[in-house]
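Asks: Okay, structure incoming, though there's no sequence with it:
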């Protein structure tokens, strides 16, 4: 497998990004935008905080999947999830899309890494 190091690198970067996004703005320092999104769904403030922490844990677990499973379906799920989250944030908090280091930059970068992974995997097979 000539691309094994590329596959490992892509999975490592995506794992670190998913873990960071779950750990820092959702678990350690719950971002007010996270709370807003969960309250928009209809949760109380207390339940929105719990849901924010729970989604952070889910993102950390998802990030670990990139380290330990490295299956193409993890990349498909990542692409779909990131597109969905980008659309949701664009709808609910459009002002975040013009800030530095905004969801467009982060999500499209992560989506691009998964697409590169899938293209290389397809060429290998």
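Replies: Alright, I've got the coordinates. Note that the structure is predicted; figures quoted are calculated from it, not measured.
Asks: So for the host helix or strand of residue 16, what gets flagged as buried?
Replies: Here residue 16, judged by DSSP states H and E, is contained in helix 4-23. Across helix 4-23, burial judged by 16 or more other C-beta atoms under 10 Å covers 7, 10-11, 14-15, 17-19, 21-23. Backbone N, C-alpha and C define where each C-beta goes, glycine included.
Asks: and if you look at stretch 103-120?
Replies: So stretch 103-120, judged by 16+ other C-beta under 10 Å, has buried residues 103, 107, 110-111, 113-114, 117.
Asks: from those residues, which is closest to residue 37?
Replies: residue 103 (11.7 Å; C-beta to C-beta).
Asks: which non-adjacent residue is nearest the closest one?
Replies: Of all residues not flanking residue 103 in the chain, residue 89 sits nearest, at 5.0 Å (C-beta to C-beta, 6 or more residues apart in numbering).
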